[in-house]
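[1] Any chance you could fold what I've pasted below:
(one chain, ligands or ions: 1)
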Amino acid sequence: MIPFNKSFIIGNELLYIEEAVKSGKISGDGIFTKKCQSFFQEKYQFPKVLLTTSCTDALEMAAILSNITSEDEVIVPAFTFVSTANAFVLRGAKIIFADSSIKNPNIDVDKIENLITSKTKAIVVVHYAGIACDMEKVMEIAKKYNLLVIEDAAQAIDSYYVFSDGTKRALGSIGHFAAFSFHETKNIISGEGGMLVINDQKYFDRAEIIREKGTNRSAFFRGEIDKYGWVDIGSSFLPSDIIAAFLFAQLEKFDVIQNKRITIWNKYFHELKELKDKGFIGIPQIPKYATNNAHMFYIICKDEAERSNLIDAMKSVEIYPVFHYTSLNKSQFYLETNESIDYINAEKFSDRLLRLPFFYELTNQEQEQVISTIKYFYFKSRI
Ligand SMILES: *Cc1c(COP(=O)(O)O)cnc(C)c1O
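    Model prediction:
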């Protein structure tokens, strides 16, 4: 059987967990947490990184840091995971959904400006499948209307935006805040896990406080103050050092993991291109302002019925592809208090996108089975 995803260990995960346990300190902000944070700060020139227990938590922290209140509107793509919206709903914000681009599931940047009102406080972008949104345009709009930008970079580790002058910057380093995930379905994993990237120094201190239950405990441990106490709102957003120990072992094998994933992605791309060229399916196209971190490989079927048939055909040989988000404008929760609006592109991706099995330990032979099953489905004869 070929599952959609499978968690994996690749190096010193268990050894480092043992080391953390033996060190006598497995609560948050231990040695491994610091090592992971430094790794990302150095590799991607992120000004400040804080590990969190999930990307969801990092988004919630970003919403608090953005001072979102019930007076505010936040622009969010309709085609995304619930956490992208929930983090801001928890602060009382009104969510204004934006449609996807016609070319890929990312937010249609040309539709953002029409959604801005005097109440708009922030734009949230999602780099779907690790492929950059057009950040130059997003930042231009944000600057013009004085809005905050939060990058939901859950899927976007090791992916870049290429500016029109040719310079590259890591996704997560462009908006005011970015949230990454190390959930077991992402490229680099720790089971559950995430991080918040803070790109503006003026938020550094408050971010630490919010993450530590609203206390200035982090400054206390650095010896900057002689006692700590309750100074702000907050929650417990920091992970155990056991989680960070697992994560750090993965970071030591970062290139091995990424090289393997790129190989898998390229094989899907080259093998399935024939079906695309014959007009059967859509496959991802990387815009010239983006790089590919091989987070996901999806195909776009002709319609929902065809996708169901393909899923059935694949399941009958024990291959388990999965579709993705129900466009959030169609969710039960949203429709309880909002009118139904159609988002044509987002709904197209809801109905027609199918994600193929993609994980570090996927073998060449397994991948060939996936590919030949799809080709057989479309060509209905052996190839
Ligand atoms: C995975 C994912 C999340 C949630 O990440 P967690 O670490 O599970 O909280 C949020 N947004 C997007 C776009 C995701 O893909």
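
[2] Kindly confirm my reading that residue 125 forms part of a strand.
    Yes - counting by DSSP: H, G, I helix; E, B strand; the rest coil, residue 125 is found in a strand.

[3] what pairs with it across the strands?
    Assessed by DSSP bridges, residue 125 has beta-bridge partners residue 151.

[4] gap between the closest residue to residue 123 other than its chain neighbours and the ligand?
    Leaving aside its chain neighbours, residue 123 sits nearest to residue 75 (4.7 Å; criterion: Cβ to Cβ, 6 or more residues apart in numbering). Just so you know, the C-beta spots here come from the backbone N, C-alpha and C atoms, and that holds for glycine as well. Look at residue 75 and the ligand: by Cβ to the nearest ligand atom, to the nearest Å, they are 15 Å apart.

[5] what secondary structure does residue 161 sit in?
    Following three-state DSSP, the label given to residue 161 is strand.

[6] got the residue ranges for the strands in the stretch 51-200 of the chain?
    Assigned by DSSP state E, counting those that start in this stretch, the strands in the stretch 51-200 of the chain fall at 73-77, 94-98, 120-126, 148-152, 160-162, 168-170, 177-181, 194-198.

[7] How about the contacts made by the residue nearest to residue 71 when sequence neighbours are not counted?
    Spatially, and ignoring its direct neighbours in sequence, residue 71 is nearest to residue 119 (6.5 Å; Cβ to Cβ, 6+ apart). By Cβ atoms under 8 Å, 6 or more residues apart in numbering, the residues touching residue 119 are 71-73, 94.

[8] Just the buried ones from these, in PyMOL syntax?
    Of these, the buried ones go into a single PyMOL selection, burial set by 16 or more other Cβ atoms under 10 Å:
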select buried, resi 72+73+94
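
[9] With distance to the ligand and pLDDT as added columns, please give the contacts of residue 119 in a markdown table.
    Conversion of the contacts of residue 119 to a markdown table gives the following (distance: Cβ to the nearest ligand atom, whole Å; pLDDT from 0 to 100):
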| residue | distance to the ligand | pLDDT |
| --- | --- | --- |
| 71 | 25 | 98 |
| 72 | 20 | 98 |
| 73 | 20 | 98 |
| 94 | 20 | 97 |
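
[10] closest to residue 38 among the contacts of residue 119?
    Distance to residue 38, by Cβ to Cβ, is smallest for residue 72 among the contacts of residue 119, at 34.1 Å.

[11] you'd agree the closest one is up against residue 96?
    No - using Cβ atoms under 8 Å, residue 72 is not in contact with residue 96; the gap is 10.2 Å.

[12] who touches both of these two?
    residue 120.

[13] if I look at residue 46, how far off is residue 62?
    14 Å (Cβ to Cβ, to the nearest Å).

[14] what about these two, which has more around it?
    residue 62 (29 against 20; other Cβ atoms under 10 Å).
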